[in-house]
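K.L.:
Fold the following, please.
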Amino acid sequence: MGLLTAAVILFVSFGSLVAMGLPIATALTAILGGIALIKLVGHLVPAPDFTVLVAALVGLGIGIDYALFIVTRYREAQQDGDDPEGATAKAIATAGRAVLFAGTTVVIALLGLVVMGQRLMTGVAIAASVTVLVTMVAAVTLLPALLGFTGRRIDSLRLPRRASRPRSRERRAPAERWAAVVQRRPLAAAVLAGAGLLVLAAPVLSMRLSLPDASVQPHDRSSHTSYTILSEGFGPGYGAPLIFAARVGSADADLRPVVDAVGRTEGIASVTPPRISKDGRAATFMAFPESGAQDEATADLVHRLRDDVLPGAPGGGGVQVGGPNAGAIDIAEEVGSRLPLMIAVVVALSLALLVALVRSVTIVLQAAVMNLLSIGAAYGVLVAVVQWGWLGSALGFPTAMPITTWVPMMMFPLLFGLSMDYEVFLISRVREEYERTGDTRTAVTRGLARTAKVITAAAAIMIAVFSTSLLGPDVSVKQIGLGMAVAVFVDATVVRMVLVPAVMELCGRANWWMPGRRGPAHAGETPLQGAGSRETSGRMWAGRR
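P.N.:
Predicted structure coming up:
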């Protein structure tokens, strides 16, 4: 479904079957190579079953987007009069360079999951990073080779259209006119867009994490039917037992005061008698809460038992509370405590890489704040839909539920990396215009005008690919697909079309501030010389391909 939708969007955008086929062929080849490498790497770093699905979703969206950026620059260069080899060189020197930085940013962001200290997510991070790395390499090696075969036939098999009239030089593109509107009232545009994103992000403050159980699965599944029968017969907490374990002396009487104290605790429905191991050194008993595994009251109950009930009961100091239910609560809390560290690591490494590309500290800081706002908005929408139940049933979520524990920590590096993709592509084009004109306002309007169409197409492909996860039964994969689709939509519209031109207009020449540099170009060269040297290196690379 995602591939079919991407093909339609590319065909409408390019108007040519040949131009449409190049990004798809590149992406599919890269995905096959990426999955093969995932299987090999899996022998060293095991990953869960859903890893291949996540890697395929990410690889398909990123692979098509990267190839789309390069093919767009190739067609533009040919329209400007370059021969196929020169057009390929220019595309690789500009869009290809941006793809390398963007892909490296995504890989670095994904590897930030390693700091979470969980082997499960480390395997997912490495597998997804391998897929992104393969798609990036394919975009700058396989695609130039395909362009070499295509040559001037890039626009063959065109979509039938009415003959277009030559556009007047005075008539500006819609994106350019929109940028001019935003730049006339930059403060108002920035405040309104920022406030809107903060409103969307507000539900994050009430986010709850948990691991899904049978109670939140689709109602046509036998697991949910089984849960319903047990809940109606024994109560909702029957499927969320708490297991108590302790070292004991010799008799079960050692745990009687603890069992009685747990049984009297508010929120406990029933308690089983203690069982002693054969060697008489360990004992266990179970308690069934009145609430289900996904209820907030169950998490509060576990904390109350650990902090108040057990320490206050005779002999309860050495009793541990475990089991699947308590384990899921512990994992959620551990993820929540480590998430800020992962965010800090991902942001710091990604921004250091972006400084090397755009050579501006101001733009890098702008990118960080804007990306965090768009990701926060995606988190907020996810909480409103999944946890609060707003439009949840319409989007395929059978009931309101907490956010799956691994979804936020998987979403952040992916979204931060993808947001940097659009940032790199847009800012690198703005940078080219600034080096050519030396005027920030002109550079922003022209850069936005030249990238708006391709960024819109790329975002539409991403949204289509991620939204297909809503058609599947896995509620966790649905959550990550919905969150990423929302984030891409917000990033390609509010951030790129409003916040970027507004904030850059407010900053003016300060956009290009870099410690130790006086002018817009490298020391000892003019702006055009910097662009020309990159084009020369791109020509050499394309010739080798």
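K.L.:
Now do the helix ranked longest in the chain: which elements does it pack against?
P.N.:
For the chain, the helix with the greatest residue count under DSSP state H is helix 323-358. The contact analysis (3 or more CB pairs under 8 Å, 6 or more residues apart in numbering; DSSP states H and E) places helix 323-358 against helix 97-111, strand 209-210, strand 242-247, helix 296-304, helix 361-382, helix 406-437. Yep, even glycine has a C-beta here, placed from its N, CA and C like the rest.
K.L.:
tell me which residues in that helix are buried?
P.N.:
For helix 323-358, burial by neighbour count (16 or more other CB atoms under 10 Å) applies to 323, 325-326, 328-329, 331-332, 335, 339, 342-343, 345-347, 349-351, 353-354, 357-358.
K.L.:
One more: stretch 264-283?
P.N.:
Neighbour-count burial for stretch 264-283 [16+ other CB under 10 Å]: T265, G267, I268, V271, P274, I276, A283.
K.L.:
What confidence value was assigned to the fourth one?
P.N.:
It refers to V271. Per-residue pLDDT puts V271 at 95.
K.L.:
Point out where the stretch 251-400 of the chain drops to low pLDDT.
P.N.:
Low-confidence segments of the stretch 251-400 of the chain (pLDDT under 70): 251-254.
K.L.:
With the chain instead?
P.N.:
The model of the chain has pLDDT under 70 over residues 159-172, 249-254, 517-545.
K.L.:
all strands for it, in order.
P.N.:
Taking DSSP state E as the criterion, the chain contains strands spanning 209-210, 242-247, 268-271, 275-276, 282-289, 320-322, 403-404.
K.L.:
helices or strands next to the fourth one in the packing?
P.N.:
Helices and strands in packing contact with strand 275-276 are listed as strand 282-289; criterion 3+ CB pairs under 8 Å, 6+ apart.
K.L.:
what lines up beside the strand it packs on in the sheet?
P.N.:
Here strand 282-289 is paired, per DSSP bridges, with strand 242-247 (antiparallel), strand 268-271 (antiparallel), strand 275-276 (antiparallel).
K.L.:
can you pull the buried residues of the longest one?
P.N.:
By neighbour count, with 16+ other CB under 10 Å as the criterion, the buried positions of strand 242-247 are L242, I243, F244, A245, A246.
K.L.:
nearest to G63, of the buried residues of stretch 264-283?
P.N.:
Here the nearest of the buried residues of stretch 264-283 to G63, counting by CB to CB, is G267; it sits at 49.9 Å.
K.L.:
Roughly how far does the closest one sit from A313?
P.N.:
Between G267 and A313 the distance is 16 Å, computed by CB to CB, to the nearest Å.
K.L.:
ditto for A332
P.N.:
Taken as CB to CB, the span from A332 to A313 is 26 Å.
K.L.:
try S467
P.N.:
Going from S467 to A313 by CB to CB gives 51 Å.
K.L.:
Same check on V346?
P.N.:
Per CB to CB, V346 is found 44 Å from A313.
K.L.:
try T228
P.N.:
Going from T228 to A313 by CB to CB gives 35 Å.
K.L.:
which one of the two has more residues nearby?
P.N.:
For T228 versus A313, neighbours defined as other CB atoms under 10 Å are more numerous around A313 (21 against 14).
K.L.:
residues in contact with that one?
P.N.:
A313 sits next to P257, V258, D260, A261, V262 when contact means CB atoms under 8 Å, 6 or more residues apart in numbering.
K.L.:
Identify the residue nearest S419 in space, chain neighbours excluded?
P.N.:
Distance criterion CB to CB, 6 or more residues apart in numbering; nearest residue to S419, sequence neighbours excluded, is N371 at 4.2 Å.
K.L.:
Would you check that that neighbour makes contact with D421?
P.N.:
No. Taking CB atoms under 8 Å as the definition, N371 is not a contact partner of D421, at 10.6 Å.
K.L.:
re the thing from before, out of the buried residues of stretch 264-283, name the two that are farthest from one another.
P.N.:
Largest separation among these by CB to CB: G267 and I276, giving 26.7 Å.
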